[in-house]
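Q: what would the 3D arrangement of this be:
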Amino acid sequence: MATRSDPLYMQLAASLRAKIESGEYPPGGKLPSERKLMEIYDASRNTVRLGLQRLVAEGLVFANQGRAYMVHRQDILVYNSSRSEDHNRRLAAGVDAWVQDIHEQGRTPSQEISVSIEKATPSIARRLEMQPGDLVLVRRRLRFVDEQPWSTEDSYYPHGLVKNTPIAEPADIAEGVIAYMASLGYRQTHYIDDVTAVMPNPKQAEELAVEAGVPLLVRTRVGYTDSGPVRVTITMMPTDRNVLRYELGTGAPNA
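A: The predicted structure follows:
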């Protein structure tokens, strides 16, 4: 909390922060212009900008392309990474894992799917225990929640494993890819996740409508059968609208 002894820009930031927290400036709403803030707080432009920059650094606001300052959205969805691919749960649901998770949170999911055949990069090859340059089939998904772009998910499979199957088609698989692979004899028994964060590149920022200053949460999951790895999935989620949850301990669901 700012005090009278604090610099004016910190007092200004504290006042705006309080108004954001009270809902006077709601998530997704626009702050007054710099000129208007100068009038409200009887402050110089530099003071106003320093105060706004402090709120940007705190992740409360961002500057859009028109230089208006907007309040970050607080429209958060939980992605339960522990149970999202539980085999028995998915067979009972009969739908794609992500689709079910979004439905359970009262939202409307949709996705765009594309498929390509590519040469494995060294990173993908290492995780799939194959040679760099070997062919992989890639299923890319741009996912939407309530018609808003929400996340991307790129899954890499050894090409020989899934060629001439529905996985190689740019269309949804009703029961989900994990359950379908199990029906082929490739039941995934365990997973290894690496979770990192990166700043989006221009293409990612545009594709996911990422606000300025918002990093992407990146989860790289390798799915294993008893015989070895069969899938690498890289999920990218803007951090201002997603929570990645893990349930640990003896009571956690079998994922």
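Q: send over stretch 118-131 as PDB, restricted to the C-alpha atoms.
A: Coordinates of each C-alpha in stretch 118-131 appear next as PDB, following Å, rounded to 0.1, in the frame of the first residue of the first chain:
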ATOM      1  CA  GLU A 118       7.700 -33.800 -40.900                       C
ATOM      2  CA  LYS A 119      11.200 -34.800 -40.100                       C
ATOM      3  CA  ALA A 120      11.800 -35.100 -36.400                       C
ATOM      4  CA  THR A 121      13.900 -32.400 -34.800                       C
ATOM      5  CA  PRO A 122      16.700 -33.400 -32.400                       C
ATOM      6  CA  SER A 123      14.500 -32.500 -29.400                       C
ATOM      7  CA  ILE A 124      11.500 -34.600 -30.600                       C
ATOM      8  CA  ALA A 125      13.700 -37.400 -31.800                       C
ATOM      9  CA  ARG A 126      15.400 -37.700 -28.400                       C
ATOM     10  CA  ARG A 127      12.000 -37.900 -26.600                       C
ATOM     11  CA  LEU A 128      10.600 -40.500 -29.000                       C
ATOM     12  CA  GLU A 129      13.900 -42.400 -28.900                       C
ATOM     13  CA  MET A 130      14.300 -42.200 -32.700                       C
ATOM     14  CA  GLN A 131      16.900 -40.600 -35.000                       C
END
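Q: what does it contact?
A: 132-136, 138, 156, 158, 220, 222, 228-232 (Cβ atoms under 8 Å, 6 or more residues apart in numbering). (Each C-beta comes from the backbone N, C-alpha and C, glycine too.)
Q: just how off-centre is that stretch within its chain?
A: Distance, stretch centre to chain centre, for stretch 118-131: 23 Å (Cα atoms, centre = their mean, to the nearest Å).
Q: only the buried residues of it, if you could.
A: Within stretch 118-131, the residues scored as buried using 16 or more other Cβ atoms under 10 Å are 120, 124-125, 127-128, 130.
Q: switch those over to TSV; also include secondary structure and pLDDT.
A: TSV is the format used below for the buried residues of stretch 118-131 (DSSP: H, G, I helix; E, B strand; the rest coil; pLDDT from 0 to 100):
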residue	secondary structure	pLDDT
Ala120	coil	98
Ile124	helix	98
Ala125	helix	98
Arg127	helix	98
Leu128	helix	98
Met130	coil	97
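Q: name the nearest of those residues relative to Thr152.
A: Ile124 (15.7 Å; Cβ to Cβ).
Q: picking that back up, and of the contacts of stretch 118-131, the nearest to Gly59?
A: When the contacts of stretch 118-131 are compared against Gly59 (criterion: Cβ to Cβ), the nearest one is Thr220, at 24.2 Å.
Q: excluding chain neighbours, give the residue nearest to the closest one in space.
A: Asp194 (4.5 Å; Cβ to Cβ, 6 or more residues apart in numbering).
Q: that neighbour: neighbour count?
A: Neighbourhood size, Asp194 [other Cβ atoms under 10 Å]: 11.
Q: could you shift the numbering so residue one becomes 40, and keep it that way?
A: Right, with 40 as the first residue, what we last looked at is Asp233.
Q: hmm, Ser54 is touching Tyr80, no?
A: Yes: between Ser54 and Tyr80 there is a contact at 7.4 Å, judged by Cβ atoms under 8 Å.
Q: higher neighbour count, these two?
A: Shown here are Ser54 and Tyr80; by other Cβ under 10 Å, Tyr80 has more neighbours (18 against 15).
Q: check the gap between that one and Met49 for me.
A: Going from Tyr80 to Met49 by Cβ to Cβ, to the nearest Å gives 12 Å.
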